[in-house]
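Asker: What follows is a protein structure lacking sequence information:
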C-alpha cells in the first residue's frame, strides 16, 4: 500500500511538471464579448507554441486571445524552443500552432518536412524581418568604417572591441547554440580578426539588449565596444539607434545546402518573411481555426507597438497583445471566418450539395476523362522519347558542336543566337531519323547515343550536309571560319559555321533519372567520346578505335565514305594509354580536311598546271577567286613563285575554255598572278 501511494504521488508530480508551462486562465475581453466555448470538456485543445523571444510571444498571444475569446476554442500555450517544436508540429493527433517561424534561416531543416506534408504552412504572417550584425550608431562619428565588415580586418579597429578573453581579436557577441547563426563561419571565411562569444542560453535576448544599450560609452577612452548579432523588428529600435554592418550581399548560392553543411557561408543573412506553421489535425479537427490562421496578417509596426508596450510600459506579452487587439478591432474582425460550422450549417450544406449532385457528377466525370486522356498523352510522349534510348549493351556515344563558336560570339552576339538556334534545329530534326537519343545539351553542344554505330556515322555525315545548305546569317559569311570553300571542280566543300563531331563506342553506365524520367549515361566511355570530339576541327568527324572496328565494313561498302588513321592520342589523362583515332571522310568533305589542316607547301608544277589546263572558264573563276582565299599569305607567295618559274615551260593557254560551255570573261592567269 505504501509503494502504491508513492507511485500515485510520483504520477501526480509528473503531470504537474508537464503542465507547468501550460497556461490558459487569462482573459482579455469581457464575458459579454467572449464566445461560448464549443468544447467545454477540452478533449481536443489547440496548443499555441511560444518561442523564447518577445516578438514570437506577442504574436502567439494575439492568436491565443482570438481563438479562445472570439471563436470559443479550448486553447493552451506551450513554451518551447524551435528545435523542440518540430516533433510537436509533426504530431498526427494533437493540434499545434507556431505563429512565427523564421523559415528562410531554418529552410534546410523545415523544407523536407513541409514538402513531405509532415508540417503545414498557413503562409506568411506579414512581418518583414532580418538578422545581421549591429553596432551602436554613436560609434560611427568617432571611428570611420565600423558599418563595413572590411574594417574588422584592421588591428586598430578590432582592438576597440577586444576583451581580456578575446585579445588580440575583437569580441563578437553571438546568439546561443540553440539559435541558428553562421557568424563563426562568416568570420573565418572573410578572414576577420574577431572571436565569436556566445551569450547565455537562458538570458540570451536580455544579455544582447543590455550590452547593445549600455550607456558607458566614452568617446575619449573608447574600449570594449560592442559588435553583436541581432535582428529586426525589435523593441530596442524604438528608443535606441543601431547601425547594421554591411556584409557581402546574400545569395542563394552562398546559403546553399552544400555551403551550410561545410561551413562555407561568407555573406549576409537572408531577409525573412516569418511563416505560420501548424500540425495536420488542425485541418480536420478545427477548420475555422485554420482559416483564421491563414487570414492573420500583421505589419512590422504592429509587432513593434506590442513589443514596445511590453518592454517600456511594464505590460506582459499577453497584456500588450490584448491592448493592441482592442485598438485594432476592424483589422481583427476582417480576419474572423464569415461563419462557424455547426450541425445546422452542415445540414444546410448537405441539402445544397445534394441538389447540385447531378451537375457536380457530370463535371467530375468530364474532368476524370480529361485527366485520363492527359495521363495517356504524357505517358505516350515519355515512351516516344525513350523509344531509341539504349538500356544496356554496347552503344555509340556522339558529341557534336559548332567549332570556334566563342570567336563568333565575340563578333556578333545576336547572330550567334540565330546560329545556335539553327544548329539545334538541324540536330534535333536528324536525331529521330537515325534512331538516336538526345541525352543532354551541355552548353551549346549535343550528347547523343545510338544503338547502331552505322546510324551514328550516317547521322554525322547528314548533319554536315545539312550545315552546308543551312540558311546561316549573311552577316557572318565573310568570317574566316564561316567563309564558303569551293574546290576546282566547283563543288561546295564548306559553308557557314563548321560542325565538329566526335564518336566513341563502348559500354557506358546508364540510369533513369527519377525527376526527369529520362535516361542518363556516364562513365569512362562517355568521357573518351567527349575527348575525341575535342580533337576534331571544323568540318571533321573523328571516331575512336573501337568505333572504327564496328563501322569498317560499312564504310568500305559506301562509296561516299572513307576512313583514315589520324594518329594516336591519350584519351584518359597524361598517364593513360595511347589510342588510335580515325578521321571519317564523307564526300565532299575530303577536300575540306586539306583546307583546315594542311598548308600548301609542296604543290608541284605539273599537277597544278595540268589542273588549270583542264578547267573550264567557270572553273577558272572559282579557282582564282575562291580557292586562293583559303590559303595563308605565305602559302600564296610560295605557290605564285613556283607558278611563275614554270609558266612558260608549261605552255598552257589559260584563256581557252571548253567548247560545250558558254564563254565567260576570265582574266589571263598570268595577269591574275
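Answerer: Cool, the structure landed. Predicted, not measured: the structure shown is a model, and the values here were computed from it. Numbering: from 1, shown residues only.

Asker: quick check, residue 135 in a strand?
Answerer: Yes - the assignment for residue 135 is a strand, going by DSSP: H, G, I helix; E, B strand; the rest coil.

Asker: separation between it and residue 233?
Answerer: Distance, residue 135 to residue 233, using CB to CB, to the nearest Å: 18 Å. From N, CA and C alone the C-beta is placed, and that goes for glycine too.

Asker: Show me the helices in the stretch 301-450 of the chain, by range?
Answerer: 317-327, 329-335, 343-355, 357-386, 405-411, 413-430 (DSSP state H, counting those that start in this stretch).

Asker: helices or strands up against the last one?
Answerer: With contacts defined as 3 or more CB pairs under 8 Å, 6 or more residues apart in numbering; DSSP states H and E, the packing partners of helix 413-430 are strand 395-402, helix 405-411, strand 446-450, helix 453-468.

Asker: got a list of what residue 441 touches?
Answerer: 424, 447 (CB atoms under 8 Å, 6 or more residues apart in numbering).

Asker: Look up how far residue 448 lies from it.
Answerer: Counting by CB to CB, the gap from residue 441 to residue 448 is 10 Å.

Asker: Next: residue 533.
Answerer: With CB to CB as the criterion, residue 533 and residue 448 are 11 Å apart.

Asker: Looking at the two, which one has more neighbours?
Answerer: Between residue 533 and residue 448, counting by other CB atoms under 10 Å, residue 448 is the more crowded of the two (27 against 24).

Asker: Tell me what that one is bridged to.
Answerer: Beta bridges link residue 448 to residue 398, residue 438, judged by DSSP bridges.

Asker: ok, it touching residue 442?
Answerer: No - distance between residue 448 and residue 442: 11.9 Å, which falls outside the contact criterion (CB atoms under 8 Å).

Asker: Please identify the most buried of the helices and strands packed on helix 413-430.
Answerer: strand 395-402 (a mean of 26; mean count of other CB atoms under 10 Å).

Asker: Quick one: work out the angle between that strand and helix 453-468.
Answerer: Per axes from the mean of the first three to the mean of the last three CA atoms, to 10 degrees, the angle that strand 395-402 makes with helix 453-468 is 10 degrees.

Asker: ok, back up a step: CSV for the helices and strands packed on helix 413-430, including distance to residue 435 and mean pLDDT?
Answerer: Shown next, in CSV, are these (distance: least, CB to CB, whole Å; pLDDT from 0 to 100):
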stretch, distance to residue 435, mean pLDDT
strand 395-402, 11, 95
helix 405-411, 27, 90
strand 446-450, 7, 94
helix 453-468, 5, 93
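
Asker: In CSV: the ones you listed, plus distance to residue 553.
Answerer: Shown next, in CSV, are the helices and strands packed on helix 413-430 (distance: least, CB to CB, whole Å):
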stretch, distance to residue 553
strand 395-402, 15
helix 405-411, 35
strand 446-450, 17
helix 453-468, 9
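
Asker: Let me know the pLDDT of residue 472.
Answerer: Note on residue 472: pLDDT of 92.

Asker: quick one: secondary structure of the residue nearest to it when sequence neighbours are not counted?
Answerer: Of all residues not flanking residue 472 in the chain, residue 496 sits nearest, at 3.7 Å (CB to CB, 6 or more residues apart in numbering). Judged by three-state DSSP, the three-state class of residue 496 is coil.

Asker: Got the phi and psi for residue 496?
Answerer: phi 80, psi -170 (degrees, to the nearest 10).

Asker: The one 4 residues further on too?
Answerer: Residue 500 has phi and psi values of phi -130, psi 140 when expressed as degrees, to the nearest 10.

Asker: Count the residues that sit near it.
Answerer: Neighbours around residue 500, by other CB under 10 Å: 23.

Asker: With adjacent residues omitted, what lies nearest to it?
Answerer: residue 536 is the one closest to residue 500 (CB to CB, 6+ apart), at 3.9 Å.

Asker: now that neighbour: how far from residue 492?
Answerer: 20 Å.

Asker: okay, those two: which has more neighbours?
Answerer: A direct count of neighbours by other CB under 10 Å for residue 536 and residue 492 places residue 536 higher, at 25 against 15.

Asker: you'd agree the more buried one is up against residue 542?
Answerer: Yes - look at residue 536 against residue 542 with CB under 8 Å: they come within range, at 4.5 Å.

Asker: which residues are common contacts for those two?
Answerer: Contacts common to residue 536 and residue 542, judged by CB under 8 Å, 6+ apart, are 501-502.

Asker: Now residue 520, what are its backbone angles?
Answerer: Per degrees, to the nearest 10, the backbone of residue 520 is at phi -130, psi 150.

Asker: can you tell me which residues contact residue 109?
Answerer: So residue 109 contacts residue 86 (CB under 8 Å, 6+ apart).

Asker: Show me what counts as buried in the host helix or strand of it.
Answerer: Here residue 109 sits within helix 107-115, counting by DSSP states H and E. By neighbour count on 16 or more other CB atoms under 10 Å, the buried set for helix 107-115 is 107, 110, 114.

Asker: Which secondary structure state does residue 294 sit in?
Answerer: Under three-state DSSP, residue 294 comes out as helix.

Asker: Would you confirm that it contacts residue 124?
Answerer: No - counting by CB under 8 Å, residue 294 sits too far from residue 124 to count as a contact (10.4 Å).

Asker: so how far is residue 483 from the closest residue to residue 475 other than its chain neighbours?
Answerer: Distances taken as CB to CB, 6+ apart place residue 415 nearest to residue 475, at 5.6 Å, with adjacent residues excluded. Using CB to CB, residue 415 is found at 15 Å from residue 483.

Asker: Look at these two and report which has more neighbours.
Answerer: residue 415 (19 against 16).

Asker: What distance do you get for that one to residue 478?
Answerer: 12 Å.
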